[in-house]
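let me see the structure of the following:
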Amino acid sequence: MNVAEMLAAARSAGRRYLCEDEVKEILQRVGVPVTPCYLARSEEEAVARAIEVGYPVVLKVRSPLIAHKSDSGGVVLNLANGYQVRRAYRQIMDRVKGVDPEAAVTVQPMASPGREVIVGFTVDRQFGPVLMCGFGGIFAEVLGDVSFRLVPVEPDMARDMVRSLRGYRLLAGYRGIPPADEGALVDILVKVSGLAAAFPQIQEMDLNPVVVYERGALVLDARAVLAD
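As a prediction, this is how the structure comes out:
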């Protein structure tokens, strides 16, 4: 199933929100690096997936009815063994059963820390798709340090987006901290711009956080909203 078919299937099912694993599959198809998601519908399956992934792992609720997983208590980080995975699975299911009794979880590797940014786009009624880049994690709401460009965005424009951020020094390196891989972030911006241009069926896409390392970058979480 290609990307257009995935989007059409979601719409035909009456859905506006894509689950994280679906968004990550779309991103992988265009060459954006992501943490993998392994679906689990029981405690036993969650433990089996965790063993395959290798500890520590993250459990996240998987439901098309829950757009903001953390707000619903649907994310548990840094699980180190089967006992913790089972307990986290039960906790998540208890918290979300009132919203979606059919919810499952995804099991994902716990990524190494790095510098967190947010990448995304939205479709403006007047200007069309607009690409966004800023500092992610808690900084997305606290600092509001973001930049915007109209799609399509070429590499030079994407680099300018990154360097126009007030906190760019956090990426460029400071006080003995080596620089992050700006080129990897630029590549993600260009590829997400391409998605926005190619698939007007997607109204919004948020990748938060995107962790940028000294070498490479990785999308840890993602969500998308389909157009009406």
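
going forward, measure contacts and count neighbours with C-alpha atoms only.
OK.

what's around Gln203, how many residues?
Neighbour count for Gln203, taken as other CA atoms under 10 Å: 19.

name the element it belongs to?
Assigned by DSSP states H and E, Gln203 falls within strand 202-212.

could you measure from the closest residue to Ala88 other than its chain neighbours over to Ser70?
What sits nearest to Ala88 in space, not counting adjacent residues and going by CA to CA, 6 or more residues apart in numbering, is Val76, at 6.4 Å. Per CA to CA, to the nearest Å, Val76 is found 9 Å from Ser70.

ok, these two, which is more surrounded?
A side-by-side neighbour count of Val76 and Ser70, using other CA under 10 Å, places Val76 first with 19 against 12.

which residues does the more buried one contact?
Residues near Val76 by CA atoms under 8 Å, 6 or more residues apart in numbering: 58-60, 88.

for Arg16, what are its contacts?
Applying CA under 8 Å, 6+ apart, the residues contacting Arg16 are 10, 225-228.

filter those residues to the buried ones?
Among these, those buried by neighbour count (16 or more other CA atoms under 10 Å) are 10, 225-226.

was I right to think Cys19 contacts Arg223?
Yes - Cys19 lies in contact with Arg223 (CA atoms under 8 Å); the separation is 6.5 Å.

common neighbours of these two, please.
Common contacts of Cys19 and Arg223 (CA under 8 Å, 6+ apart): Ala67.

which phi and psi does Ser63 have?
phi -160, psi 130 (degrees, to the nearest 10).

how close does it sit to Leu77?
18 Å.

so between those two, which is more surrounded?
Ser63 (23 against 15).

excluding sequence neighbours, find me the nearest residue to the more buried one.
With sequence-adjacent residues excluded and distances taken as CA to CA, 6+ apart, Ser63 is closest to Ala103, at 5.1 Å.
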